[in-house]
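Participant: This is a predicted model, with the sequence first.
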Amino acid sequence: MQREPMSITEFEQALRDKGRYYHIHHPFHVAMYDGSATREQIQGWVANRFYYQVCIPVKDAAILANCPDRDTRREWIQRIIDHDGEPGSEGGIEAWLRLGEAVGLDREVLLSQELVLPGVRFAVDAYVNFARRASWQEAASSSLTELFAPHIHQSRLDSWPQHYPWIDPAGYDYFRKRLKEARRDVEHGLRITLHHYTTWEAQQRMLEILQFKLDVLWSMLDAMTMAYELERPPYHTVTADKVWHRGIAL
Ligand SMILES: O=C(O)c1cc(C(=O)O)c2c(n1)C(=O)C(=O)c1cc(C(=O)O)[nH]c1-2
């Protein structure tokens, strides 16, 4: 016998329950929050997360490319503008570069991606490639880790200024900007998701997609833990040089 689907309310609750696996609970993230992260760890996180930032609009462009629905595209396109900016307003990528400067990293270092660890690159690329290959509804719903993002941005705004007085407060604009944007993204992402997955099996598949996205975020921090906490960056047994690849443009 076929199992009944969850109601919309139950399904949304099941998605929200996945918050227990959000990267806010990763020890690397906890250390940044509780003030025990070193300057090098914060800088490493900012430089590595920059790769996520630059890939997000590429991921959203892949969703648009696969979406035949004009109304959805009209709404979804705002995400690209949020990150890339438009005439008269700088976007999230520029704000992240200023966060980089606020923690003492030249923008050229971020732009060169020389600090992006292979594990971080692979995790982020997996997300972009998923968005290229999945249906637009599945790709759209994979953004729903953003359900938990306003809380994580707020937690940084609340804790970092006290713990890290050496960070220029001008750098925090990105987190402030995302509080509003993420809430709007979630509202749209949920509208698509809650109506697209209507059978029990489909709902289970969506929960697995959300787990995949949680794994992307968690794995990024695992790679950073190896490099900046355990001091085991790639090839550490062979060389102290950053010999790993910088991304292969296809
Ligand atoms: O700082 C964070 O912890 C965090 C997490 C996430 C997320 O949950 O995917 C995003 C962001 N930030 C973010 O700034 C952002 O623009 C963003 C877009 C998306 C997405 O999947 O489309 N996630 C996130």
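Facilitator: Okay, I see it.
Participant: Go through this protein and flag its longest helix.
Facilitator: Secondary structure of the chain per DSSP state H: the longest helix is helix 39-65.
Participant: most centrally placed residue in this structure?
Facilitator: With distances taken as CA atoms, centre = their mean, Tyr52 lies nearest the centre of the chain, 5.8 Å away.
Participant: who in this structure is up against the ligand?
Facilitator: Neighbours of the ligand within the chain, by CB under 6 Å from any ligand atom: 56, 143, 145-146, 149, 152, 178, 217. For every residue, glycine as well, the C-beta is placed using N, CA and C.
Participant: Which pLDDT value belongs to Met1?
Facilitator: If you check Met1, the pLDDT there is 68.
Participant: Likewise for Ala249?
Facilitator: Listed pLDDT for Ala249 reads 85.
Participant: Quick check: phi and psi at it.
Facilitator: The phi and psi values for Ala249, taken as degrees, to the nearest 10, are phi -70, psi 130.
Participant: about what we covered before: what packs against the longest helix of the chain?
Facilitator: Helix 39-65 is packed against helix 27-34, helix 70-84, helix 92-102, helix 107-112, helix 118-133, helix 136-141, helix 200-224, with contacts defined by 3 or more CB pairs under 8 Å, 6 or more residues apart in numbering; DSSP states H and E.
Participant: With just CA atoms, put the third one into PDB.
Facilitator: Right, the one you point to is helix 92-102. Only the C-alpha atoms of helix 92-102 are listed here, as PDB (Å, rounded to 0.1, in the frame of the first residue of the first chain):
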ATOM      1  CA  GLY A  92      27.000  40.600  -2.500                       C
ATOM      2  CA  ILE A  93      30.300  39.600  -4.200                       C
ATOM      3  CA  GLU A  94      31.600  43.100  -3.700                       C
ATOM      4  CA  ALA A  95      30.400  43.100  -0.100                       C
ATOM      5  CA  TRP A  96      32.300  39.900   0.500                       C
ATOM      6  CA  LEU A  97      35.400  41.400  -1.000                       C
ATOM      7  CA  ARG A  98      35.100  44.200   1.500                       C
ATOM      8  CA  LEU A  99      34.600  41.600   4.300                       C
ATOM      9  CA  GLY A 100      37.900  40.100   3.000                       C
ATOM     10  CA  GLU A 101      39.600  43.500   3.400                       C
ATOM     11  CA  ALA A 102      38.100  44.000   6.800                       C
END
